[in-house]
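1. the following comprises the amino acid sequence and a computationally predicted model.
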There are 2 protein chains.
Amino acid sequence: MKHKFIPTFLLLFVTTFILSAGDPLPSWNNEKSKNTIIQFVDQVTNKNSKHYVEPKDRIAVFDNDGTLWAEKPVYFQLFFAMDRVKEMASDKPEWKTQEPFASILKGDPKAALKGGEKAILDLIMATHSGMSSDEYTEVVRQWVKTAKHPQTQKKYIDMIYQPMFELLVYLRDNKFQTFIMSGGGIEFMRVWAEVAYGIPPQQVVGSRITMEYEFKDGKPVLIRKPKLAFLNDEGGKVVSIQNFIGKRPIFSAGNSDGDIAMSQWTTSKEGPSLAMFVHHTDAEREWAYDRNSHIGQLDKGLDVGKEKGWLFVDIKTDWRIIYPEK
Amino acid sequence: MKHKFIPTFLLLFVTTFILSAGDPLPSWNNEKSKNTIIQFVDQVTNKNSKHYVEPKDRIAVFDNDGTLWAEKPVYFQLFFAMDRVKEMASDKPEWKTQEPFASILKGDPKAALKGGEKAILDLIMATHSGMSSDEYTEVVRQWVKTAKHPQTQKKYIDMIYQPMFELLVYLRDNKFQTFIMSGGGIEFMRVWAEVAYGIPPQQVVGSRITMEYEFKDGKPVLIRKPKLAFLNDEGGKVVSIQNFIGKRPIFSAGNSDGDIAMSQWTTSKEGPSLAMFVHHTDAEREWAYDRNSHIGQLDKGLDVGKEKGWLFVDIKTDWRIIYPEK
C-alpha cells in the first residue's frame, strides 16, 4: 500500500518540531526576518540545493556595537575609558584642566564627548596604552566583572542581544564560522567575547592599537602604544575581512553606516549571500534611533540597503525579548 | 620544552607505538628531534598529564620560507616577482634603465638583488600592487601551476618539506590549530597554502600590503597599493600573533633569526611549550647554511636557542626525505 499521507505527516512533524523542542531562534517572533534567515541557512546547508555552500566557505561576520550588544547612550568601551580616567587621575594631575579628561573628572561625560572624534581618540589612546597587552586584558577583565550600565543597572555583558546570540549559535550549529568585525577595540572585545558569544579570540577582529615587542624584567612583553594602528570601520572592515579571513563572507550583520561596505562586499560575491541590519526601533525596550543618531547612525545604509534588498530586522516587531533572561 | 623527567614506561610506550602501526612522522628518522616532538604532543594531549592543554589553547605557529618549504637561492616569492617583471615589462619602458628591474630584464637577478632590502621592496611593491586582490590571487594561482625552480626543476609547491607537512598533520590530528606566521606576503601564500599544507586562509598570516576599498565598474574591489602595511618579521610576528590569534602559541617552528622573537614569546608562556628551529645542514639533498647566509640567516638564533634549550632539527640526520615523493 502506498503511503499517500506521508507528506502531510512530515509537514506536521516539521511544524511540531519548530514549535516545540527544535526552534533554533526562540527569541525571534515568527515574522519575515526569522523566516528569511532560516530559509537562507536551509538553502546553503542543503546539499541538494543549487545554493549549497561547503562548510569551509560558510563565513559569517558580525559588527558588535548595536548589532550584538547595545551601544547607547555611548559605546560601552567609552564607559570603560571614562572609568579608567577616574582610576588613573591621581597619576595624571594635568588631566584636571585638560579636555576631554577634565569634564569626565567633573562628572560631565556629555561635555567631554563634545570634542567629537578627536576627543574620543584622545580618551581611548590615553586609557588603553602604556601597559602590556596582558596587563590591559586584566584591567578589562576586572571592569567587565563589576561595571554596570548607568541606565539599566545591568552588567554590560548582560546587555548582549539574546536573539543575536541565538543566531550566532544557530549559524555555528549549521557549520558557519562566526567572526566579529567591529570598530571596537580588538583586545577589549576578546576578553569577554568567548564567554558572551562563544566566539574565540582568533575570530574577533576590531580596531587595533600599535604594539611593540619589548623586554621588561627579562621577559618579552607587547607594549600598547598611544597610536592607532588600524581603524576597523567602513571600508576598513573589508580590508580586515581580507587580511584576517582571506575569503568573502556569505552572511553579514551590522546596524550602522559603518557596516555598509562590509554588506556590499558580502552581497557582491557570486553565489548566495545575506546581509542583515539590526534596525533600532524600540524606544520602550531598548532605544530607537537611525538617521540622526551620533552613535550608530544608520542613514545612507537605510537607503542603500532597501535598494539592494538587504534584510532589516525591526527590533520592535521581530524580537520577543532583547536581553538574556536571568 | 622545559626539561622534564619522562617516566621510562612512557618512553617504552611511545617507542612501541612508533614501531608498530601508527608512526605519525614516517619521514622523520628515529632521532632525538622526533622523540622530543612526540613526547611534547603526548604530554599536552594526555588528560592525566600535569602538562595537559585544552584543545582550544593548542596553538602552533610556523614560519614558512625555510621552515615549511625551501628558500634558496632566494625566497620563492622573489622568483615570482622577477617573473612578473618580465611579464609587465612591455607596459613599463622605464624599467629598461631602472634598477632593480633593468638587471632582471637583462637576465641577471644577482645584480638586481645587490640593492639589498630596498631593491627587494621596490621589486615586490611594483609587481604586487596596482591590481585588485582577486586579480592578484589569480596571477599567483597561474604562476604556482606552472613555474619551476631554476635548480631543481620542480614546481615550487613540490618543494615543501615532507617531514614538516607530516608534522602539521600530526599536530592537527592532535587537535592543534596550525597557523603560518611568515615574513612572506599573506595573499601570496594563501593561494596555495590550503592545498599544500592543509592550512585555510584565516590561519595564514604574513606581511601585508596596503589595500583600499574602491568601486570599479560598479563593483566593490580591494585595490593593492604600492605601500607596505605591515612587515611580519621578528617582533612583528609577535604583534601579529596577538592581533590575529589573540593567545600565545604553545608550539613554534622557525629557521632564521627572524623567528627568535616568536620563539621567545612561545616559550616564555606559563605551562608547557616547545620551540623548534629547522637547521639547514644538508648541502647534498637541500642547502647548508646558517650564520653567514643572506637568505634565512640563523646566527643569533643558534646562540639564543642553544642557551634556552630550543629544539634544533638537523635536516641531515633527522629527515629521511626532504620533498614529497611523487
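-> Thanks, I have the structure now. Numbering: from 1, shown residues only, chains lettered A, B, ... in the order given.
2. and the residue in the stretch 51-200 of chain A positioned nearest to chain B, helix, strand or coil?
-> With Cβ to the nearest Cβ as the measure, residue A:190 is the residue of the stretch 51-200 of chain A nearest to chain B, at 5.1 Å. Where C-beta positions appear, they are placed from N, C-alpha and C, glycine not excepted. Following DSSP: H, G, I helix; E, B strand; the rest coil, the label given to residue A:190 is helix.
3. let me know the pLDDT of it.
-> We have a pLDDT of 98 for residue A:190.
4. you'd agree it is up against residue B:246?
-> Yes. In this structure, residue A:190 is within contact of residue B:246 by Cβ atoms under 8 Å, at 5.1 Å.
5. element containing the nearest residue to residue A:231 once chain neighbours are set aside?
-> The shortest distance from residue A:231 to any non-neighbouring residue, by Cβ to Cβ, 6 or more residues apart in numbering or on different chains, is to residue A:207 (5.3 Å). Using DSSP states H and E, residue A:207 falls within strand A:204-216.
6. now residue A:226
-> According to DSSP H and E, residue A:226 maps onto strand A:219-230.
7. contact partners for the residue nearest to residue A:231?
-> For residue A:207, the contacting residues are A:182, A:183, A:184, A:185, A:186, A:228, A:230, A:231, A:232, A:233, by Cβ atoms under 8 Å, 6 or more residues apart in numbering or on different chains.
8. distance check, it against residue A:228.
-> Per Cβ to Cβ, to the nearest Å, residue A:207 is found 7 Å from residue A:228.
9. re earlier: ok, the strand holding residue A:207: who's next to it in the sheet?
-> Strand pairing for strand A:204-216, using DSSP bridges, gives strand A:177-185 (parallel), strand A:219-230 (antiparallel).
10. JSON lines for those, including mean neighbour count and mean pLDDT?
-> As requested, the strands paired with strand A:204-216 are exported to JSON lines (neighbours: other Cβ atoms under 10 Å in any protein chain shown; pLDDT from 0 to 100):
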{"stretch": "strand A:177-185", "mean neighbour count": "24", "mean pLDDT": "97"}
{"stretch": "strand A:219-230", "mean neighbour count": "17", "mean pLDDT": "97"}
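11. ok so, going back, find residues that contact each of residue A:190 and residue B:246.
-> Joint contacts of residue A:190 and residue B:246 (Cβ under 8 Å, 6+ apart) are A:201, A:204.
12. quick one: the helix or strand hosting residue A:170 to strand A:177-185, angle?
-> In the assignment (DSSP H and E), residue A:170 maps to helix A:162-173. Computed by axes from the mean of the first three to the mean of the last three Cα atoms, to 10 degrees, the angle separating helix A:162-173 from strand A:177-185 equals 140 degrees.
13. what's the mean pLDDT across the strand holding residue A:207?
-> pLDDT averaged over strand A:204-216 gives 97.
14. hmm, back to that, against residue B:244, how distant is the residue nearest to residue A:231?
-> 15 Å.
15. and the strands paired with strand A:204-216: which comes nearest residue B:267?
-> Residue B:267 sits nearest to strand A:219-230 of all the strands paired with strand A:204-216, at 9.5 Å, using Cβ to Cβ.
16. now what about that closest one, what contacts it?
-> Outside strand A:219-230, the residues touching it (Cβ under 8 Å, 6+ apart) are A:121, A:125-126, A:128-134, A:136, A:207-216, A:236, A:240, B:238-239, B:242, B:261, B:264-265, B:268.
17. now that strand, how far from the chain's geometric center?
-> Taking the mean of its C-alpha atoms, strand A:219-230 sits 24 Å from the chain's own mean (Cα atoms, centre = their mean, to the nearest Å).
18. and if you look at stretch A:286-293?
-> 17 Å.
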